[in-house]
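> Provided below for reference: sequence and predicted model.
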Amino acid sequence: MPTNHQLRLFNSLGRRTEDFTPAAAITGLYSCGPTVYAFPHLGNMRPYVFADTLRRAFRWKGIGVRHVVNITDVGHAVADTNTGEDKLEVAAARERRSVMDIAAFYTDAYFADIAALNILSADEYPRASGYVEPMIEFAAQLEKDGFTYRLPSGLYFDTAKDPGYGELAQMSTEGQLEAARLEYVAGRRRKTDFALWRAEEPGQRRVLRWDSPWGWGAPGWHLECSVMSMALLGEHFDLHTGGVDHRELHHVNEIAQSQAYLGDGQPWVRYWLHNEFLQLGAEKMAKSAGGAPRLADLSEAGYHPMAYRLFLLGGHYRSQLDFTTAAVDAAQATLRRLIARVQPLRPLPAVETLAQAAAAVAGDPAAQRLLDDLDAAIAADLSTPKILATLQDALREPALTPDGQRAVVAAADALLGLGLATLEPADLEHRRAIGDLNTEERRAIEDLVADRTLARQQRDWTRADQIRAQLDELGVQVTDTSQGPVWQLR
């Protein structure tokens, strides 16, 4: 029988690999989600594929998990600063649409991309705008406890009151000051002090505004994650994930305000996991840099979304990856070969956990050895490159029985999430993209999707099936998610 290897994860808090031991029957997992002011680019999608791999590892190990991913639709100032315009307000002015329209449109774009990448749905996708009152209460408690000071520009957290400030970033006080945002804020005591509440500037009325003890304004960016995670996962939970760019600022400030609020001397979150940057040329991908490619751009160029997922999984999540045409070409070619080799093995068994896989390969020593390799790889801080290598070994191993081979391939795919059980060679052919549609075509599809949703709500399953058939004829694939239907062209 394969060994059940101890799951070990690299904890950014201390920069060491540690055994993961859940604190409760259900593991609490919070992932920093999108700020919905623009289309997500390829670099934005790496944290979600990484968090999805973690989810699949928990499922494999039989660890129950409750996953929360926030939607930032308020509070994120331009350039991550403490003052100035909100990113959504700037986008609304640029595109001449309401802030609500901007948030809804780009939230839908995010859900379409994670569906295309076969990312498991989180249990909750809370919107920051729905938690402003609890944020005000949270900040008021910090003020009552003496951790803040008021300025005309808002309410600020006094980082001098936190002797452990910056532990996650592993910076000296001088290093923290060097890394802090360089914007000038009149009256701010230290550059590391950050806004809990951003007040309206005199004579200027914000689009996104709420009344508070510190005047009309909006919450600071860092506040939302502390408040929403505690509301949905409890005051303390196991894991928090995000991009490595959050490790020196956003997550440092989350920890400071959360542990000050709790005041119990215990770590707010025990494990902090961060994925590395995706590089485009010599620079990390960022919306602010402009020109960063999107998943839709890859589809337009004839690449399947799973080719991009495979490209990401080919590197360890803590390693920087260079995005090049040659790299995605190689991933697409590898995906084609995998599909060609897996096709004759179908149907694959339903294997998602180590226990299911072990039962499926009983009596097959070669399969048990490969299954042990898979388990060792995922347990070693989510080593997806080793899982891919083991998958290739399983497709070439002559000692495997047919059933053993099917089980090992299904187990590897359950961890990788490439959809090898259903992908066809034709799926990798160039497909029409949403951007190819004219306004009338797009409106007709959206009307059909809306009609199908209404039919399902009314439990008119016959009508819903008829509409899905119409959509199929149009080459439209509809994926039902917890946030509603997401559609794309096949």
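Thanks, I have the structure now.
> where does the stretch 1-150 of the chain dip in pLDDT?
Applying pLDDT under 70 to the stretch 1-150 of the chain picks out residues 1, 75-76, 78-84.
> swap in the stretch 151-300 of the chain?
172-182, 281-291.
> distance of residue 402 relative to residue 277?
42 Å (C-beta to C-beta, to the nearest Å). From N, CA and C alone the C-beta is placed, and that goes for glycine too.
> which of those two has more neighbours?
Using other C-beta atoms under 10 Å, the more surrounded residue of residue 402 and residue 277 is residue 277, with 18 against 10.
> any idea how far residue 271 lies from residue 29?
9 Å.
> look at the two and report which has more neighbours.
Neighbour tally, residue 271 and residue 29, criterion other C-beta under 10 Å: the higher count belongs to residue 29, 26 against 21.
> for the more buried one, name its beta-bridge partners.
residue 67, residue 239 (DSSP bridges).
> separation between it and residue 227?
17 Å.
> mind listing what residue 348 touches?
By C-beta atoms under 8 Å, 6 or more residues apart in numbering, residue 348 lies in contact with 342, 406, 409-410, 413, 420-421.
> name the member of the residues you listed with the most neighbours.
Top of the contacts of residue 348 by neighbour count (other C-beta under 10 Å): residue 409, with 25 neighbours.
> could I get the phi/psi values of it?
phi -60, psi -40 (degrees, to the nearest 10).
> same thing with the one 5 residues further on?
Phi and psi for residue 414, reported as degrees, to the nearest 10, are phi -60, psi -30.
> gap between the nearest residue to it once chain neighbours are set aside and residue 109?
Residue nearest to residue 414 in three dimensions, not counting chain neighbours: residue 352, with 4.6 Å by C-beta to C-beta, 6 or more residues apart in numbering. Note on residue 352: its distance to residue 109, by C-beta to C-beta, is 29 Å.
> in the stretch 201-350 of the chain, which spans are strands?
217-219, 237-243, 269-275, 278-280, 283-284, 321-322 (DSSP state E, counting those that start in this stretch).
> buried deepest among those, which one?
Highest mean neighbour count of the strands of the stretch 201-350 of the chain: strand 217-219, a mean of 26 (counted as mean count of other C-beta atoms under 10 Å).
> list the helices and strands that one packs on?
helix 132-144, strand 194-199 (3 or more C-beta pairs under 8 Å, 6 or more residues apart in numbering; DSSP states H and E).
> for the shortest one, packing partners?
It stands for strand 194-199. Under the contact rule (3+ C-beta pairs under 8 Å, 6+ apart), strand 194-199 is packed against helix 132-144, strand 154-157, strand 217-219, helix 221-233.
> take these and lay them out in TSV including distance to residue 196.
Formatted as TSV, the helices and strands packed on strand 194-199 follow (distance: least, C-beta to C-beta, whole Å):
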stretch	distance to residue 196
helix 132-144	4
strand 154-157	5
strand 217-219	7
helix 221-233	6
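> among those, which is nearest residue 40?
helix 221-233 (17.5 Å; C-beta to C-beta).
> any idea how far that closest one is from the chain center?
16 Å (C-alpha atoms, centre = their mean, to the nearest Å).
> buried residues, that helix. List them.
Going by neighbour count (16 or more other C-beta atoms under 10 Å), the buried part of helix 221-233 is 221-230, 232-233.
> next: stretch 461-473.
464, 467-468, 471.
> and what of stretch 156-168?
Buried residues in stretch 156-168 (16+ other C-beta under 10 Å): 156-159, 161-162, 165-166, 168.
> cool, stretch 445-460 as well?
445, 448-449, 452-453, 455-456.
> wait, what's in contact with the residue nearest to residue 414?
59-60, 414.
> ok, those residues vs residue 194, which is closest?
Nearest member of the contacts of residue 352 to residue 194, counting by C-beta to C-beta, is residue 59, at 36.2 Å.
> just the pLDDT at the spatially closest residue to the closest one that is not a sequence neighbour, thanks.
In space, and not counting its chain neighbours, residue 59 is closest to residue 352: 5.8 Å by C-beta to C-beta, 6+ apart. Looking at residue 352, its pLDDT is 97.
> what about residue 352, which SS state?
Following DSSP: H, G, I helix; E, B strand; the rest coil, the label given to residue 352 is coil.
> what about it, distance to residue 403?
Counting by C-beta to C-beta, the gap from residue 352 to residue 403 is 17 Å.
> would you list the buried residues of helix 221-233 in JSON lines and tack on distance to residue 386?
Below are these laid out as JSON lines (distance: C-beta to C-beta, whole Å):
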{"residue": "221", "distance to residue 386": "37"}
{"residue": "222", "distance to residue 386": "36"}
{"residue": "223", "distance to residue 386": "39"}
{"residue": "224", "distance to residue 386": "36"}
{"residue": "225", "distance to residue 386": "32"}
{"residue": "226", "distance to residue 386": "35"}
{"residue": "227", "distance to residue 386": "38"}
{"residue": "228", "distance to residue 386": "35"}
{"residue": "229", "distance to residue 386": "31"}
{"residue": "230", "distance to residue 386": "36"}
{"residue": "232", "distance to residue 386": "33"}
{"residue": "233", "distance to residue 386": "31"}
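> quick check, nearest of those residues to residue 121?
residue 232 (14.7 Å).
> wait, what's in contact with that closest one?
66, 68, 124, 126.
> phi and psi next, for the third one.
Meaning residue 124. Given degrees, to the nearest 10, the pair of backbone angles that residue 124 has is phi -140, psi 140.
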